[in-house]
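> could you work out the structure for the sequence below:
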Amino acid sequence: MNQLQERLVEIQSPAQSANELDIPMSLVVDLIYRLLFSEGDVSMGRFTEIIKIHAQLLDEIMARLKQEHMVEISKAGALGRFSYTYRLTEEGTKRARESMERSQYIGAAPVSLDKYSEAILLQTDDTRFVGPKEVQRALRSLVLPDGFHRRIGPAVNAGSSLFLYGPPGNGKTTIAQAIASLLAGTEPIWLPYAITVGGQIVQIFDPLVHIPANNVFDNGNGHSNGNGSSYSTGGMGSGGAKIDKRWGLFKRPAVMAGGELKMDALDLRYEPVAKFYEAPLQLKANGGMFLIDDFGRQQMSPQDLLNRWIVPLESGVDFLRLQSGQTIEVPFRQLSVFSTNLDPGDLVDDAFLRRIQMKVEVSGPDEKMYYQIFKIMCSAYQLPYDQNSFVHLIQNWYRKSGRSMQSVHPRDILKAVTSICRYEQIELQLTPQLIDEACLSYFVN
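Numbers count the residues shown, from 1 in each chain. Sure, this is the predicted structure:
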């Protein structure tokens, strides 16, 4: 176990007393009040499951609240105090109502911003390593030019930024999704469920983004992630038994946003009813990938977005603002992928392009690649390949018209052919006539 791993283990060691807790005790007490107010009778097991604080520390807090007549024992188990079930007293109910007015957050106790930031840096300072075989495997569903993986792999390993551009329908989004799957198969990452700053709670965990690394098993010298590669958790034991439960082990996150992206999604979002903050998209993506698809078609100008991110992309640090006006500094450590079918020269200036580490053009296929895609799609739709129909398609719908080929065309045309055959209740087949009928309803001249 190296120094970085030792420090990560130290950061994530569970607090077993109030003195070891890195956040105000009042935050934990408020969580206890709110959970009791919401559920009524709550067992010690339920407290540890939801709040994720060490049972010994929770027991100390509950004993103190009982002594102050804020809670009472509603049920005593056979295993001593750790099997007790508690409920609020009348005075405790008043305190719980006051706590609910301050915030309605019920969940894992937060960790401090300082510990979160240090843990992210520790887990992203070293560049990842994915080799050519892993990248080629991730892109295997696509027909791409020879050596294309050499343009993607270095960007993934650097973990900085990638700009995908080119005509629509040639697989830019699919390539980005393949990168996300590639990252998800690398070493998982420890992330807290929530952080606290300025007495406020910021929820980091998003079930749509943070997928637990449940397929992890102990191999004796570290852990395997189930795909043949291995990683070390610093000898913490199977399942991270010595890890503070406020931290979870997740696959590298992938956040994808398209034309629906608004500027407020990149800032702390305060929920006025629940009265706690939700992390912005880039904070949820820390340690993984953030894809901005259809870049240039968002509900904000490209220049506004670039102005927001030009400093984080260069410095690796983002600045977020609380409602109080307090500005906080957080790590900006994810692979940022911009994908567009618009002319990059019309979207961004040279200063921004300099900050994008890798620029990759995803162009349309040539006839050889188109033929490969066509054959693959014939097999996918169970259509017997017919050479005469393919030549007819190329000659009449591309060469004569001067139409540009797109990688998505074979799929869409053959899907239309399949629909026509089923409508006519005839055997699935390819003929020049069916190609013409499909293309007439697909292309707009």
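> show me where the stretch 51-200 of the chain has helices.
Along the stretch 51-200 of the chain, the stretches classed as helices by DSSP state H, counting those that start in this stretch are 55-67, 90-102, 113-124, 132-138, 149-158, 172-184.
> worst mean pLDDT among these?
When the helices of the stretch 51-200 of the chain are ranked by mean pLDDT, helix 149-158 comes last with a mean of 84.
> only C-alpha atoms, please: export it in PDB.
This file holds the C-alpha atoms of helix 149-158, laid out as PDB (Å, rounded to 0.1, in the frame of the first residue of the first chain):
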ATOM      1  CA  HIS A 149      -8.700   3.900 -31.300                       C
ATOM      2  CA  ARG A 150      -5.300   5.700 -31.100                       C
ATOM      3  CA  ARG A 151      -7.100   9.000 -31.100                       C
ATOM      4  CA  ILE A 152      -9.400   8.000 -28.300                       C
ATOM      5  CA  GLY A 153      -7.200   6.100 -25.900                       C
ATOM      6  CA  PRO A 154      -4.800   8.900 -25.000                       C
ATOM      7  CA  ALA A 155      -7.600  11.200 -24.200                       C
ATOM      8  CA  VAL A 156      -9.200   8.600 -21.900                       C
ATOM      9  CA  ASN A 157      -5.900   8.000 -20.100                       C
ATOM     10  CA  ALA A 158      -5.200  11.700 -19.700                       C
END
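> contacts for it next, please.
By Cβ atoms under 8 Å, 6 or more residues apart in numbering, the surrounding residues in contact with helix 149-158 are 127-132, 135-136, 139, 161-162, 175, 179, 182-183, 335, 357-358, 360. C-beta here means a position set from N, CA and C on the backbone, and glycine is covered the same way.
> for that helix, which positions count as buried?
H149, R151, I152, G153, P154, A155, V156, N157 (16 or more other Cβ atoms under 10 Å).
> do stretch 266-277 as well
Taking 16+ other Cβ under 10 Å as the neighbour-count basis, stretch 266-277 is seen to contain the buried residues L266, D267, L268, F276, Y277.
> quick one: L306 from K66, how far?
Here L306 is placed at a distance of 56 Å from K66 (Cβ to Cβ, to the nearest Å).
> kindly report the same for S407.
With distances defined as Cβ to Cβ, the gap from S407 to K66 amounts to 67 Å.
> of those two, give the one with the bigger neighbour count.
S407 (22 against 17; other Cβ atoms under 10 Å).
> show me what contacts the closest residue to that one other than its chain neighbours?
For S407, ignoring the flanking residues on the chain, the nearest one in space by Cβ to Cβ, 6 or more residues apart in numbering is N170 at 4.6 Å. Shown in contact with N170 (Cβ under 8 Å, 6+ apart): V362, S363, G364, P365, Q406, S407, V408.
> equivalent analysis for Q12, please.
With contacts taken as Cβ under 8 Å, 6+ apart, Q12 has the following neighbours: A119, W190, I243, D244, W247.
> would you check how far apart the second one and V317 are?
W190 is 20 Å from V317, where distance means Cβ to Cβ.
> these two: who's more crowded?
A direct count of neighbours by other Cβ under 10 Å for W190 and V317 places W190 higher, at 21 against 13.
> quick one: the more buried one and L8 touch, right?
Yes: proximity of W190 to L8 meets the contact threshold set by Cβ atoms under 8 Å, at 7.1 Å.
> find residues that contact each of these two.
Residues touching both W190 and L8 (Cβ under 8 Å, 6+ apart) are A119, Q123.
> returning to what we had before: and which of the buried residues of stretch 266-277 is nearest M100?
Within those, the smallest distance to M100 is 11.8 Å, found for F276 (Cβ to Cβ).
> give me the buried entries from the contacts of helix 149-158.
By neighbour count, with 16+ other Cβ under 10 Å, the contacts of helix 149-158 hold 130, 135, 139, 161-162, 175, 179, 182-183, 335, 357-358, 360 as buried.
> now, which of those sits nearest D412?
I175 (18.6 Å).
> can you tell me the SS state at L383?
Classification of L383 using DSSP: H, G, I helix; E, B strand; the rest coil returns coil.
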